[in-house]
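[1] Sharing a model that was predicted from the sequence below.
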Amino acid sequence: MLPLPDFEGGFGFTAWETSAQFPSPPQHMAPAHEDDRYPAQAHTATRSGSEELSRDEERRIRRMISNRESARRSRMRKQRNLEELRNRADRLRLENRELANRLGAVTSRCLLYCRDNDQLRSEATVLRRRLIDLRRVLLIRQLQRLVAPAACGGIGGPVHVGKPQAANVQVYGGGFTAGTEQTLLT
C-alpha cells in the first residue's frame, strides 16, 4: 500500500487513519472521468489527496454557482410568466368590459326593435281588417249592380226610371264607425 500525504491544512493525520475511525459514506455519483470507470487504470494514474479534495471542492463550488444561476433564471422566468399573465388578465378584463358594453347596446336596440315590431304588427292587423271590410263593401256593391238589372226584368228589359233604390249594409271597421248603417246607391 502506498502512503498518502497529509491533507491540506496540516491537520497532522493521514487518510488511512481517518478512514479507520470514520467510515466514508458510499459514493453514488457517476464517474467524472473516463479513468474512474476502470479502477485498474485509476490506480495507475494516482492523484494526491489534496488534488482530489481541491477538485471535489472546485466541482462542488461550480455546481453551487450553477445551481444558483439556474435558480435565478428560473425565478426570472417565473417573474416574466407572472407579468405576462397579469398583462393578459388586464387585456381580458378590458375586452370583457367592451363586450359587456356592446351587449348592453345590442340588448337595448333589440328591445327597441321588439317594441317597433309589436307596433307594426298591431298596425298591420288594423289595416288587414280595414282591407277585409273594404272588400266586403265592394263585393256588396257589385252584387247590387248585378241584382238590380235582374229585378227590373233582366238584361235588355225595360229600365225602371225613378227614385234610386237604397240598400242598407252594415260595415264594421275600416274607416266606418262600428254599428252604423251606410246607404249604398246603385
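    Nice, thanks for sending it over. Keep in mind it's a predicted model, so treat the numbers as computed, not measured.

[2] can you give me the helices for this protein?
    Applying DSSP state H to the chain gives helices spanning 15-21, 39-44, 49-151.

[3] export these to CSV and tack on mean pLDDT?
    Output for the helices of the chain, formatted as CSV (pLDDT from 0 to 100):
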stretch, mean pLDDT
helix 15-21, 48
helix 39-44, 49
helix 49-151, 94
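
[4] okay if I get those helices as JSON lines plus mean neighbour count?
    (Glycine included, C-beta is placed from N, CA and C.) Listed next are the helices of the chain as JSON lines, based on neighbours: other CB atoms under 10 Å:
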{"stretch": "helix 15-21", "mean neighbour count": "11"}
{"stretch": "helix 39-44", "mean neighbour count": "10"}
{"stretch": "helix 49-151", "mean neighbour count": "11"}
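
[5] Now tell me what touches stretch 64-84 from outside.
    Contacting residues not belonging to stretch 64-84 are not present [CB atoms under 8 Å, 6 or more residues apart in numbering].

[6] Just the CA coordinates for it, please, in CSV.
    Output of stretch 64-84 as CSV, limited to C-alpha atoms (Å, rounded to 0.1, in the frame of the first residue of the first chain):
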residue,chain,number,x,y,z
MET,A,64,-23.3,25.5,-6.3
ILE,A,65,-22.8,28.5,-8.6
SER,A,66,-24.5,26.7,-11.5
ASN,A,67,-27.5,25.9,-9.2
ARG,A,68,-27.7,29.5,-8.1
GLU,A,69,-27.7,30.7,-11.7
SER,A,70,-30.3,28.1,-12.6
ALA,A,71,-32.5,29.2,-9.7
ARG,A,72,-32.1,32.8,-10.7
ARG,A,73,-33.0,32.1,-14.3
SER,A,74,-36.0,30.1,-13.0
ARG,A,75,-37.1,33.0,-10.8
MET,A,76,-36.8,35.4,-13.7
ARG,A,77,-38.7,33.1,-16.0
LYS,A,78,-41.5,32.8,-13.4
GLN,A,79,-41.5,36.5,-13.0
ARG,A,80,-41.8,37.0,-16.7
ASN,A,81,-44.6,34.4,-16.9
LEU,A,82,-46.4,36.2,-14.0
GLU,A,83,-46.1,39.6,-15.7
GLU,A,84,-47.4,38.1,-18.9
